[in-house]
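**Student:** Generate a structure from the sequence data that follows.
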Amino acid sequence: MMLTDSNHHTIRHGHLFCGLGGGAKGFNAAKARHGRLSADFECLGGIDVDPAAIRDFERLAGVSGTVLDLFARDQYRSFHGSEPPAGWREAATGDIHRAFGFRRPHILFLSAPCKGFSGLLSERTSRTPKYQALNQLTLRGVWLTLEAYKDDPIEFILFENVPRIATRGRALLDQIVGLLRSYGYAVAETTHDCGELGGLAQRRKRFLLVARHAGKVRPFLWEPPKRSLHGVGDVLSRMKLPDDPGAGPMHRVPRLHWQTWVRLAFVEAGRDWRSLERLAVQDGFLRDYALIQDMGCDPVAPLEIRDPRPNNRRQFANIYRVVPWDSATSTVIGRCQPSDGAMSVADPRPGLARSKGDHYLTAGHYGVVRWQDGCGAVSAAAGHDNGRWAVADPRRTLPAHDDRTATVIRALDGTWHRPFTTAELACLQSLFDPEEQAELDGLNDTAWRERIGNAVPPDAAQAIAETMGRTLLAAWSGESFMLSAAPIWVRPMAIAASVDLPVCH
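**Tutor:** This next block holds a predicted model:
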């Protein structure tokens, strides 16, 4: 430990497979207190193979990160299908020391690559040599770190992943547990909801393996308090409207196929694409509803649309689901399509209403002339904002089904059913405050969303860190047992804190 005064300590944390640094940001914000003792947290660094993620990590965590490939050579070949490039070498324990500034962390937090265990990956694909190599990368990373600090072990090692790892990755977990125990750690497996720990506007179930060095840390590990979930509107209402010029490139409405917009408009808020099956269809056309173009001219002829129901009906509860404004979303994942989860929101703020005093209500600025009316004088400044230089042309047709557009369709409930923007997903993960402009490395939405979906929400990480910090302060004060009204996190942890028993499968 680092003693800064008689009662204050600095708890050092390092991050393996750190990603963009959500976990590190949360740990940095944590404060711990136990009796007269207090502590803040200092990040020593992070390790990841993705240079863009490391640049994000440095911005969010405020310290240097290290780009490092932790694959063994045979794992590299299995994953990439080729030999490593010239100059590549296997990482060693010295690289771990260097990445953490030659200082020992008190807590190691790792969120290893989880694609091999994700429910988005088929069982057959997960068993291929490529993804088996990716899974073994986790074991190698843990082993390297244990070896690096075997003479002065890290007090806590936390391994976070998708819940499915407890079943699909059972064999790997057994290896990791056995390895940790051989280095003197008591191990417990548990699950938690990041949304409840961090008070987020999403449900995010995660697996957590907690390894406590039995020789250094005796007290129990308490459970972080649970907080109420928020509705997505609590977060999004604090943000600018999508595509606002001052909102930045991450806050843009994705350009989707026209047929996808139509499907979203007819999905009931709070439900998924299967609600489309309740629509009455006759001869390939909707019987009870039609799309009309709101072009400011009367009359407007209704336009029919073809059956929006997909032929390929995947049984996945979140396909094309639209989240109500006052409800929490499901897990933010690293994918960029509205069909990959509850990635759409019923936004009641279409931003189309004008009010008295609006500059553009005067002088015809941005005025739209009806098809049957005369226009104002043709001036010598024929910009679209210098007069009524727009017309409601009834001859305009709807886009083709495969045209990509950013479209506002007023849904049956009077709101705009649209995908979340990349910035909104980042704010739902608590990576940024809604009032600030989200900014990540690069200019690629797909890459952004993958890193955001893989991130540990900082607010949840902060809750975990504060619980760990309280336990460390109790241990450093010399306590070996403690009575407390706070629940022990969780029951398997109570067992691991008292005796070493086999982990239940």
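
**Student:** ranges for the strands of the stretch 151-300 of the chain?
**Tutor:** Ranges of strands in the stretch 151-300 of the chain, per DSSP state E, counting those that start in this stretch, are 156-161, 185-193, 205-213, 256-257, 281-282, 285-286.

**Student:** Describe which strands the third one pairs with in its sheet and in which direction.
**Tutor:** Sheet pairing for strand 205-213, assigned by DSSP bridges, gives strand 156-161 (antiparallel), strand 185-193 (antiparallel).

**Student:** What are the buried residues along it?
**Tutor:** Neighbour counts using 16 or more other Cβ atoms under 10 Å place 206-213 of strand 205-213 among the buried residues. Bear in mind the C-beta positions are built from the backbone N, C-alpha and C, glycine included.

**Student:** what's the answer for the second one, then?
**Tutor:** Counting neighbours by 16+ other Cβ under 10 Å, one finds that the buried residues in strand 185-193 are 185-190, 192-193.

**Student:** any idea of the mean pLDDT in it?
**Tutor:** On average, the pLDDT along strand 185-193 is 88.

**Student:** If we ignore the residues flanking it in sequence, what's nearest the residue nearest the centre of the chain?
**Tutor:** The residue lying closest to the centre of the chain (Cα atoms, centre = their mean) is residue 453, at 3.4 Å. Closest residue to residue 453 apart from its sequence neighbours, by Cβ to Cβ, 6 or more residues apart in numbering: residue 334 at 2.8 Å.

**Student:** Adding distance to residue 84, write the buried residues of strand 185-193 out as a markdown table.
**Tutor:** Below are those laid out as a markdown table (distance: Cβ to Cβ, whole Å):
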| residue | distance to residue 84 |
| --- | --- |
| 185 | 32 |
| 186 | 37 |
| 187 | 33 |
| 188 | 37 |
| 189 | 34 |
| 190 | 37 |
| 192 | 37 |
| 193 | 39 |
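
**Student:** Just name the closest of these to residue 12, please.
**Tutor:** The closest of the buried residues of strand 185-193 to residue 12 turns out to be residue 185 (Cβ to Cβ; 18.1 Å).

**Student:** mind listing what that closest one touches?
**Tutor:** Residue 185 makes contact with 153, 157, 211-214, according to Cβ atoms under 8 Å, 6 or more residues apart in numbering.

**Student:** any chance of the buried residues of strand 205-213 in JSON lines, plus distance to residue 94?
**Tutor:** JSON lines is the format used below for the buried residues of strand 205-213 (distance: Cβ to Cβ, whole Å):
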{"residue": "206", "distance to residue 94": "32"}
{"residue": "207", "distance to residue 94": "31"}
{"residue": "208", "distance to residue 94": "29"}
{"residue": "209", "distance to residue 94": "26"}
{"residue": "210", "distance to residue 94": "28"}
{"residue": "211", "distance to residue 94": "23"}
{"residue": "212", "distance to residue 94": "26"}
{"residue": "213", "distance to residue 94": "22"}
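
**Student:** Next, format those residues as a markdown table and append distance to residue 472 and pLDDT.
**Tutor:** Shown next, in a markdown table, are these (distance: Cβ to Cβ, whole Å; pLDDT from 0 to 100):
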| residue | distance to residue 472 | pLDDT |
| --- | --- | --- |
| 206 | 22 | 90 |
| 207 | 23 | 90 |
| 208 | 17 | 90 |
| 209 | 18 | 91 |
| 210 | 13 | 90 |
| 211 | 14 | 92 |
| 212 | 10 | 91 |
| 213 | 11 | 93 |
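
**Student:** Let's verify the residue nearest to residue 453: helix, strand, or coil?
**Tutor:** Put simply, residue 334 is coil when judged by DSSP: H, G, I helix; E, B strand; the rest coil.

**Student:** Count the residues that sit near it.
**Tutor:** Residue 334 is flanked by 21 other residues according to other Cβ atoms under 10 Å.

**Student:** ditto for residue 92
**Tutor:** So residue 92, with other Cβ under 10 Å, has 12 neighbours.

**Student:** residue contacts, it?
**Tutor:** Contacts of residue 92 by Cβ under 8 Å, 6+ apart are residue 144.

**Student:** and the gap between it and residue 280?
**Tutor:** Separation of residue 92 from residue 280 (Cβ to Cβ, to the nearest Å): 67 Å.

**Student:** picking up where we left off before, with distance to residue 41 added, can I get the strands paired with strand 205-213 in TSV?
**Tutor:** Converted to TSV, the strands paired with strand 205-213 look like this (distance: least, Cβ to Cβ, whole Å):
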stretch	distance to residue 41
strand 156-161	12
strand 185-193	20
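
**Student:** Nearest to residue 478 among those strands would be which one?
**Tutor:** strand 156-161 (18.0 Å).

**Student:** Go ahead and measure how far that closest one is from the middle of the chain.
**Tutor:** What separates the centre of strand 156-161 from the centre of its chain is 18 Å, taken as Cα atoms, centre = their mean, to the nearest Å.

**Student:** Ok, stretch 133-141 next?
**Tutor:** Relative to the centre of its chain, stretch 133-141 is centred 22 Å away, using Cα atoms, centre = their mean.

**Student:** Let's see that stretch as CSV, backbone CA atoms only.
**Tutor:** Output of stretch 133-141 as CSV, limited to C-alpha atoms (Å, rounded to 0.1, in the frame of the first residue of the first chain):
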residue,chain,number,x,y,z
ALA,A,133,-7.3,-19.7,-29.3
LEU,A,134,-9.1,-16.5,-28.3
ASN,A,135,-10.4,-18.2,-25.2
GLN,A,136,-7.0,-19.6,-24.2
LEU,A,137,-5.7,-16.0,-24.5
THR,A,138,-7.5,-15.3,-21.2
LEU,A,139,-5.7,-18.1,-19.4
ARG,A,140,-2.3,-17.0,-20.7
GLY,A,141,-2.9,-13.4,-19.6
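
**Student:** Need the contact partners of that stretch.
**Tutor:** With Cβ under 8 Å, 6+ apart, stretch 133-141 has contacts from 16-17, 70-72, 74-76, 78-79, 110, 112-113, 115-117, 159, 169, 172, 175-176, 179.

**Student:** Give me the subset of the residues you listed that lies in helices.
**Tutor:** Mapping these onto helices (DSSP state H) picks out 74-76, 78-79, 172, 175-176, 179.

**Student:** returning to that earlier point: next, the contact list for the residue nearest to the centre of the chain, please.
**Tutor:** 332-335, 425.

**Student:** could you dump the residues you listed to TSV with distance to residue 143 and pLDDT?
**Tutor:** Putting the contacts of residue 453 into TSV (distance: Cβ to Cβ, whole Å; pLDDT from 0 to 100) gives the following:
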residue	distance to residue 143	pLDDT
332	31	80
333	29	77
334	26	72
335	31	66
425	34	90
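
**Student:** do you know how far the residue nearest to the centre of the chain is from residue 447?
**Tutor:** To residue 447, residue 453 is 11 Å away according to Cβ to Cβ.

**Student:** what do you get for residue 98?
**Tutor:** Counting by Cβ to Cβ, the gap from residue 98 to residue 447 is 27 Å.

**Student:** Please say which of the two ends up with more neighbours.
**Tutor:** Comparing residue 98 with residue 447 by other Cβ under 10 Å, the one with more neighbours is residue 447, at 18 against 15.

**Student:** Which residue is the nearest non-sequential neighbour of the more buried one?
**Tutor:** Nearest non-adjacent residue to residue 447, counting by Cβ to Cβ, 6+ apart: residue 52, 6.5 Å away.

**Student:** Could you list the buried residues of the helix or strand in which that neighbour is found?
**Tutor:** Element membership for residue 52 (DSSP states H and E) is helix 51-61. Within helix 51-61, the residues that count as buried by 16+ other Cβ under 10 Å are 52-58, 60-61.

**Student:** Right, I'll leave it there.
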